[in-house]
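>>> I would like to see how this sequence folds:
(chains A, B and C)
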Amino acid sequence: MSIEDRIAALEARLQAAEDHLAILNLLNSYGPLVDSATAKEAGELWVEGGGYSFGIPDGGTKRLVAPDEVADMYSWAGHMNLVNTGCSHLTATPKITVDGDDAQAVGYSFVVLREGERWYLWRAAINHWTLRRTGDGWRIVERTNRTLNGSEESHELMRKVAAI
Amino acid sequence: MSIEDRIAALEARLQAAEDHLAILNLLNSYGPLVDSATAKEAGELWVEGGGYSFGIPDGGTKRLVAPDEVADMYSWAGHMNLVNTGCSHLTATPKITVDGDDAQAVGYSFVVLREGERWYLWRAAINHWTLRRTGDGWRIVERTNRTLNGSEESHELMRKVAAI
Amino acid sequence: MSIEDRIAALEARLQAAEDHLAILNLLNSYGPLVDSATAKEAGELWVEGGGYSFGIPDGGTKRLVAPDEVADMYSWAGHMNLVNTGCSHLTATPKITVDGDDAQAVGYSFVVLREGERWYLWRAAINHWTLRRTGDGWRIVERTNRTLNGSEESHELMRKVAAI
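Numbering: from 1, shown residues only, chains lettered A, B, ... in the order given. Just a heads-up that it's a prediction; the model follows:
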């Protein structure tokens, strides 16, 4: 390869590694924002029109549209109760794959909640994220989240890890 | 340094950073595969002939040989009971060091299991992985896993973090 | 850009990505060191004169100075009781930002402790780290740690994630 070609190859490869780290930073910003009710900034981790789909306790699923519906959730009474008790929306490090201006990630998330002198796992879930590079950096396009309840739907989400 | 030498140095350094991220992806694939009973693919995270050594409840340790014995474990009745209840084999981000075509990692892992409306830590362990670059990407050569029970053996495994 | 400028840009960008990964390794060394009572090496994760500030059970906070006061804590009877029971000081992957020879990180940490056949979350906290490049690699300058108890102080620490 020519000098020019080797430099161009390095630039493209380094961009992908930087993107991986930037996405790790984006996903690891989520918890501290929502656990401190920093709602607007949390909603802005998504692209406008992006979505957050999750299972709800009575069965079925709900999809909130970013940024407003997502941000609004983080001022609901139920969420503020978690915030004031002491909680961590923990994003475990996912598998992340970058493909140009798009990316995907698959991994676990947990909600850790205080109860007296201890903390416990109030929620545990598997997630699939699609992400996109924007003028303001990487943002979430869709986050699909299902609790770990043994369902086929949760297992299908897990198996995406082999396809990304 | 000459232009040529600087480019060669960049190529070698970037390769090591990419390897670190690739190993992070490999280790973070494990949980979603085994928690969805995607057994064959889980076994193939190891090189052929690689091993997974772990402590067993009655004391003593067991070493399974990859890919078949490792994959078989993920269809055992005991494992399928975890899968159908709802679980996460969580790999906490380890310290990873890359040395050419070999690498090592030391870090914690947990099994999170559903119990009614909550999840709890069914298992907590320390791990040492050796890894090797193959024609199909990075694979695990040996994974040594010991539960966090205060034993000298578990502490020795932890201390490897200072040596890698 | 000239060849020379492109190479210089690559060198600076790659350094920052390598720094991000080196800090991840530094922070992920902490748990296995302290959980195996490898106290001296744990204290040396900080620069000399660096500090570890954390909340104490009776309210108020304490700041230990590195390396000696920090290392000493990991041989206190209370700590040795955790080590001998079986525990994990788990550092969840934080958001990390590098700015030349300085860096910051914000993220969660947990202490997982064995109780009979299970493990539970004995402690859950939010952390802000400042870090500095030294001749021996990256080291912690200050670690500020507050438990997740719903306090305004813990929420302020979380909100730093939007500022780093």
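>>> count of neighbours near the closest residue to A:P67 other than its chain neighbours?
Residue nearest to A:P67 in three dimensions, not counting chain neighbours: A:G43, with 3.4 Å by C-beta to C-beta, 6 or more residues apart in numbering or on different chains. For the C-beta atoms, the positions are set from N, CA and C on the backbone; glycine is no exception. Neighbours of A:G43 under the rule other C-beta atoms under 10 Å in any protein chain shown: 24.
>>> Now do the helix or strand A:Y30 falls within, average pLDDT.
According to DSSP states H and E, A:Y30 maps onto helix A:3-35. Averaging pLDDT along helix A:3-35 yields 98.
>>> List the buried residues for that helix?
The neighbour-count criterion (16 or more other C-beta atoms under 10 Å in any protein chain shown) identifies A:6-7, A:10, A:13-14, A:17-35 as the buried residues of helix A:3-35.
>>> ok, now stretch A:48-62?
For stretch A:48-62, a neighbour-count test (16+ other C-beta under 10 Å) marks A:50-52, A:54-55 as buried.
>>> For C:G107, state which of the residues you listed is nearest.
Within the buried residues of stretch A:48-62, proximity to C:G107 (C-beta to C-beta) peaks at A:Y52, which comes in at 21.3 Å.
>>> The helix or strand hosting that closest one: how far from the chain's middle?
In this structure, A:Y52 is located in strand A:46-55 according to DSSP H and E. Distance of strand A:46-55 from its chain centroid, counting by C-alpha atoms, centre = their mean, to the nearest Å, is 10 Å.
>>> quick one: strands adjacent to it?
Neighbouring strands of strand A:46-55 in its sheet, by DSSP bridges, are strand A:61-65 (antiparallel), strand A:137-147 (parallel).
>>> Kindly report the residues of chain A close to chain C.
Within chain A, the residues that sit near chain C (C-beta under 8 Å from any C-beta of the partner chain) are A:3-4, A:7, A:10-11, A:14, A:17-18, A:21, A:24-25, A:28-29, A:31-33, A:35-38, A:41, A:83-88, A:90-93, A:112, A:114, A:118-121.
>>> Contact partners for A:G107?
The contact partners of A:G107, taken as C-beta atoms under 8 Å, 6 or more residues apart in numbering or on different chains, are A:91-95, A:126-127, B:28, B:32.
>>> Report the central residue of chain A.
Taking C-alpha atoms, centre = their mean as the criterion, A:L27 is the residue nearest the geometric centre of chain A, at 5.0 Å.
>>> Skip the chain neighbours and tell me the closest residue to that residue.
The shortest distance from A:L27 to any residue that is not its chain neighbour, by C-beta to C-beta, 6+ apart, is 4.9 Å, and that residue is A:T91.
>>> List phi and psi for the one you found.
Its backbone dihedrals place A:T91 at phi -100, psi 110, with angles given as degrees, to the nearest 10.
>>> How many residues are close by it?
24.
>>> What spatial separation is found between A:V34 and C:A9?
A:V34 sits 36 Å away from C:A9, taking C-beta to C-beta, to the nearest Å as the criterion.
>>> try A:V161
For A:V161, the distance to C:A9 equals 34 Å [C-beta to C-beta].
>>> again with A:A103
Counting by C-beta to C-beta, the separation of A:A103 from C:A9 is 23 Å.
>>> Also A:E41?
For A:E41, the distance to C:A9 (C-beta to C-beta) stands at 30 Å.
>>> swap in A:E117?
For A:E117, the distance to C:A9 equals 52 Å [C-beta to C-beta].
>>> Give me the phi and psi angles of A:S2.
phi -70, psi 160.
>>> what's the burial count for it?
Under the neighbour criterion other C-beta under 10 Å, A:S2 is assigned a count of 7.
>>> now do A:C87
Here the number of neighbours of A:C87 (other C-beta under 10 Å) works out to 23.
>>> residues near A:E153, how many?
13.
>>> which non-adjacent residue is nearest it?
With C-beta to C-beta, 6+ apart as the measure, A:R146 is the residue that lies nearest to A:E153, at 5.5 Å, once sequence neighbours are left out.
>>> For the one you found, give me its contacts.
So A:R146 contacts A:54-55, A:61, A:125-126, A:153-154, A:157 (C-beta under 8 Å, 6+ apart).
>>> How about A:A92?
With contact set as C-beta under 8 Å, 6+ apart, A:A92 has these partners: A:107-110, B:28, B:88, B:90, B:92, C:92-93.
>>> can you check A:S53 too?
Contact partners of A:S53, counting by C-beta under 8 Å, 6+ apart, are A:61-64, A:142-145.
>>> what does A:L148 give?
With C-beta under 8 Å, 6+ apart, A:L148 has these contacts: A:108, A:124-126, A:154, B:35, B:86-88, B:112, B:114, B:119.
>>> In helices only, show me these.
Secondary structure from DSSP state H places A:154, B:35 of these in helices.
>>> with the contacts of A:L148 in mind, which one is nearest to A:M73?
Each of those was checked against A:M73 using C-beta to C-beta; the closest is A:A125, at 15.0 Å.
>>> Return the set of residues that bridge with that closest one.
Residues in beta-bridge contact with A:A125 (DSSP bridges): A:S109, A:T147.
>>> Number of residues surrounding it?
When neighbours are counted by other C-beta under 10 Å, A:A125 registers 22.
>>> likewise the one 3 residues further on?
A:H128 has 23 neighbouring residues, counting by other C-beta under 10 Å.
>>> okay, it: pLDDT?
At A:H128 the predicted local distance difference test score is 98.
>>> Tell me if it really is in a helix.
No. Inclusion of A:H128 in a helix is not indicated when DSSP: H, G, I helix; E, B strand; the rest coil is applied; the result is strand.
>>> Up against chain B, what does chain A have?
Those residues of chain A that sit near chain B, judged by C-beta under 8 Å from any C-beta, are A:3, A:6-7, A:10, A:13-14, A:17, A:20-21, A:92-97, A:106-108, A:110, A:120-124, A:126, A:147-151, A:154-156, A:158-162.
>>> switch the cut-off to 6 Å
Taking C-beta under 6 Å from any C-beta of the partner chain as the test, the list of chain A residues beside chain B reads A:6, A:10, A:13-14, A:17, A:20, A:92-93, A:95, A:106, A:108, A:121, A:124, A:148-150, A:155, A:158-159, A:161-162.
>>> circling back: any idea which of the contacts of A:G107 is closest to chain C?
A:T93 (4.8 Å; C-beta to the nearest C-beta).
>>> ok now do that closest one, which residues does it touch?
With contacts defined as C-beta atoms under 6 Å, 6 or more residues apart in numbering or on different chains, the neighbours of A:T93 are B:28, B:93, C:93.
>>> nearest spatial neighbour of the first one, skipping sequence neighbours?
With sequence-adjacent residues excluded and distances taken as C-beta to C-beta, 6+ apart, B:N28 is closest to A:K95, at 4.6 Å.
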